Structure formats: C-alpha cells, structure tokens
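Enquirer: prediction below, plus the sequence it came from.
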Amino acid sequence: MITVQIEYFAILREHIGKNAEEVQTEVVTAGELYDELAARYAFPHMTHMKVAINDEFSEWGAALAEGDSIVFIPPVAGG
Amino acid sequence: MITVQIEYFAILREHIGKNAEEVQTEVVTAGELYDELAARYAFPHMTHMKVAINDEFSEWGAALAEGDSIVFIPPVAGG
Amino acid sequence: MNRFSFSHEDVSGEQIRRLVADETSGAYVAFEGWVRNHNEGQQVLRLEYEAFESLGTKEGERIIREAEQRFGISTVYCVHRLGKLEIGDLAVIVGVSTPHRGEAFEACRYIIDEVKHRVPVWKKEHYVNGDSGWVNCERCAAAAHQHDHGEH
Amino acid sequence: MNRFSFSHEDVSGEQIRRLVADETSGAYVAFEGWVRNHNEGQQVLRLEYEAFESLGTKEGERIIREAEQRFGISTVYCVHRLGKLEIGDLAVIVGVSTPHRGEAFEACRYIIDEVKHRVPVWKKEHYVNGDSGWVNCERCAAAAHQHDHGEH
C-alpha cells in the first residue's frame, strides 16, 4: 500500500469535482491506478491520455512510489 | 524620330543627376534606347536590368511609341 | 522573463515584439492565435484555457531549445494565455527574430505546431446556444488511425 | 487603404494587426523586415529606400491577389517604408489572417518573397566608415548562374 498525490485538470477536474486528492492504492503502475480511479469515478471514455509523474511525462507502465505526484493528461487543445 | 519621357531611379538617378528627362531618339526598341543612353551617360555596368513602358513591365525588344514613358529598373533590394 | 510562459493577463503583440527586437536581426515573424467566433459549426461566445502549468512551462522551454538547435534564431518568446478569453482575444503568441527570414518562418511554425501538440493546455468553449465543452486535441483524429495502443 | 502600399512615415506592427483583425480568423502571421546594424560585413548607420511607386503599387497588389488565389486568406495587408530609416526601424511588414494557421504562414512567406523579388524598390546603405552604396537584389547572384541573357 502506497500513498500518492493526484492533481486533476480540465474535464477530469470538472467530472470529479475536485482539483486534487491523496489516494492510497495497492496497484503497481500508473496505468493500473488510472483504471482503478476510472472505475471509482466513472470517468468519461477518453483515448490518447498521457500521464505525468512528479512533473515529468512518464510511461503508463511506470511503477509508482510512495509520495509520487500523479497527473492524468487528457488530449490537449492549446492556442 | 520620336520623343519619350524617361524617369530615373536609385543608382541611375544619382549617376545622371536628374530624376527625369525628355529624350528624342531614332532607335526602335527599349533595349536600343538603353544602349544609347548608357553610352551617352557612361552608365555603370549593370546586369539583370528590367524596363517599364507606361507603368507596366515590358520587354527589351518592345517598340517605342511617341510619348511613351520609360523607366529602366536596376536590380531591386526591398525589405 | 522565461522564453515560454503562461499569462493570466492580456498579452499584446507589441509586448512580444519589444522583447524580441535587437539590432542584429533583419527578420521578425510572429504567429498569433486569436479566439474565433465559431468552431466546428458552433457559434462561440467565449472560452477558458487551463494548463498543467509546472509541466507545461518545462515542455514549452524544451520546444524553444529544440527550435534554437534546428534554426539560426536571434531571440524568441512564446506566451500562452490562461483563464477566460473573449472573441478576438490573443490566445497564444510566438515571436521569433533571426538574421534571415526563411529561418524565422520555419522556427515560428515549428514552435507553434509543437506547443499545440505537446504543452498540456485545455480549452473549454462556451457556445451561443448555452452549451459548453472541452475541446479535444487537434491531432487526435489523425493519431487514432495510427495507434491501437494508448487507450486510457 | 490598399492592401499593398508604400509609406513615407513610420509604420507599426500594431497598425497592421488592427487592419487585419476579424472575428472569423483564428490565425495571424506577420513578417517584419527590420533595418539591421550590419550587412555583408559592413556596419550600417542608416539607409534610404526609394521606389518606382506607380508600378510598385500595381505589382504589390498583383502579388496579393496571387496569394489570395493560392491560399485561404481572410485579410492581408503589406506596407513598404520609403525614405530615410534608422537601425531597428520597420522596413516592410506583411500581416495575414486566415482560418487555419498553415495557410497564414504560407501566404505570408509567399508575399514577402515575391515583394522582395518583384516590387521596384531600391536600398541605399550608409556605413559607419562614411561609404554608402545601392544594394543589389538578393536573387542576382543565383540568377547570374542561370541566365546568359539579360545583360543591360
């Protein structure tokens, strides 16, 4: 069991109704954490998501560590 | 013998020391007129000159007519 | 000022030009993205931009360093607006000065293309009919044909 | 105001942007040519532009119509300065707005390339060492290898 910090942006922030939360989880990878939270909050179906760990882009298969800061990144639409 | 109006710009204006003049000539084409004036004024050697007749680009072989307005166009250097 | 930054206040083209101006540069190319009054058939009233600012700033700075490595750039700045914007407002600006104009065009285009694709910014449009929605990224449709993975 | 014009007074990027701005355009690309403090190894003090204005205005307008035929342009203006200019002054500006940014870049580049090649404008540079000279066209060196004719 580890504790990680999650920050939500854009459609996810609105869907969940909060900017950030602390989550305790048994999963190993960022992808598994996404699936766990998508099920818990019934995320809208989205493709081509990215993930950042500790303010850097990361892989979905990356192992999480105690205290990590996680951001799930929906498709961007700048400019 | 025809009479044409010549307007000079840039290096030619400075070389000859006037903006414009009326010229009487026996030549037929714009190219021949250039050669005649280049000899008269000892124009600096220039390549890739263009010529305009009555405010439109023209050919060196174009025949001149009484009252035409002629401009010899040195290589441009805008912007 | 960082070469890439987010701004919660109005940005003007004149500000960026002043930052970029220098006596050795003969060419300046600026791209500005403006808020249009329509998008994909819907009449837009206003919109909001939101960013993952800490990562976005780093990614924007990386894009500018890449452009500097590829092109002969004198000076470059890029600013992306965040918050509420109205029709006609400047949403993003890239200003590049170079000794020769070809590289100014190429560098400016490289930066805006990469910023729109890679910097984590999201746009919520508010429509005349009362609806609103988060706009998807511009390469998603193309990317969907190229990748089977990445479903999350 | 004509889409192509000469100006004997200062021109600002902001003037052109205001002319070009409209609510249906999402993309704006501007090119500005600035007076550099050096050219081909010489330190430049100031310069003068002179034009064959009547033909130049017509040729500039033709270039803009060509760009409109090739690209999806919303609005476009080009102004070329004439007279005495100092280091850092704006010598020429092209501003183009379009619905999509790719065409703004392409149209802006097309116009400045053609203007520099086809519009009869001449530049006299004054150097720090007291010399001055009329600058030759930028395609002359390349053209000299391609043509044996045209000697006049």
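Expert: Cool, got the structure. Numbering: from 1, shown residues only, chains lettered A, B, ... in the order given.
Enquirer: mind listing the helices for chain C?
Expert: If DSSP state H is used as the criterion, the helices of chain C fall at C:13-20, C:53-70, C:101-118, C:140-146.
Enquirer: angle of the third one against helix D:101-118?
Expert: Between the axes of helix C:101-118 and helix D:101-118, defined by axes from the mean of the first three to the mean of the last three C-alpha atoms, to 10 degrees, the angle is 180 degrees.
Enquirer: CA atoms only: put helix C:101-118 into CSV for me.
Expert: Taking C-alpha atoms only, helix C:101-118 is exported to CSV below (Å, rounded to 0.1, in the frame of the first residue of the first chain):
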residue,chain,number,x,y,z
ARG,C,101,13.8,35.4,-42.9
GLY,C,102,13.5,31.8,-44.0
GLU,C,103,14.5,30.6,-40.6
ALA,C,104,12.2,33.0,-38.8
PHE,C,105,9.2,31.4,-40.7
GLU,C,106,10.4,27.8,-40.0
ALA,C,107,11.2,28.4,-36.4
CYS,C,108,8.0,30.1,-35.6
ARG,C,109,6.0,27.4,-37.3
TYR,C,110,7.9,24.6,-35.5
ILE,C,111,7.3,26.2,-32.1
ILE,C,112,3.5,26.8,-32.6
ASP,C,113,3.0,23.3,-34.0
GLU,C,114,4.8,21.6,-31.1
VAL,C,115,3.2,23.8,-28.5
LYS,C,116,-0.2,23.0,-29.7
HIS,C,117,0.6,19.3,-29.7
ARG,C,118,2.7,18.8,-26.6
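Enquirer: grab the most central residue of chain C for me.
Expert: Per C-alpha atoms, centre = their mean, the C-alpha nearest to the average position across chain C is that of residue C:92, at 4.3 Å.
Enquirer: that one against residue C:115, yeah?
Expert: Yes: counting by C-beta atoms under 8 Å, residue C:92 does reach residue C:115; the two are 6.9 Å apart. (C-beta placed from N, C-alpha, C; glycine too.)
Enquirer: and for the two, which residues touch both?
Expert: A:78, A:79, C:78, C:80 (C-beta atoms under 8 Å, 6 or more residues apart in numbering or on different chains).
Enquirer: got a quick PyMOL command for the buried subset of these?
Expert: This is how PyMOL selects the buried members of those, with burial counted by 16 or more other C-beta atoms under 10 Å in any protein chain shown:
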select buried, (chain A and resi 78+79) or (chain C and resi 78+80)
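Enquirer: buried sites along stretch C:124-134?
Expert: Neighbour-count burial for stretch C:124-134 [16+ other C-beta under 10 Å]: C:124, C:125, C:126, C:127, C:134.
Enquirer: least confident secondary structure element in chain A?
Expert: helix A:10-16 (a mean of 94; mean pLDDT, DSSP states H and E).
Enquirer: dump the helices of chain C to a markdown table, plus distance to chain A.
Expert: Formatted as a markdown table, these follow (distance: least, C-beta to the nearest C-beta, whole Å):
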| stretch | distance to chain A |
| --- | --- |
| helix C:13-20 | 14 |
| helix C:53-70 | 5 |
| helix C:101-118 | 5 |
| helix C:140-146 | 5 |
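Enquirer: and among those, the most buried is which?
Expert: helix C:101-118 (a mean of 21; mean count of other C-beta atoms under 10 Å in any protein chain shown).
Enquirer: give the contact list for the most centrally placed residue in chain A.
Expert: Central residue of chain A (C-alpha atoms, centre = their mean): residue A:72, 3.7 Å from the mean position. Residue A:72 sits next to A:6, A:8, A:12, A:34, A:37, A:49, A:50, A:51, C:152 when contact means C-beta under 8 Å, 6+ apart.
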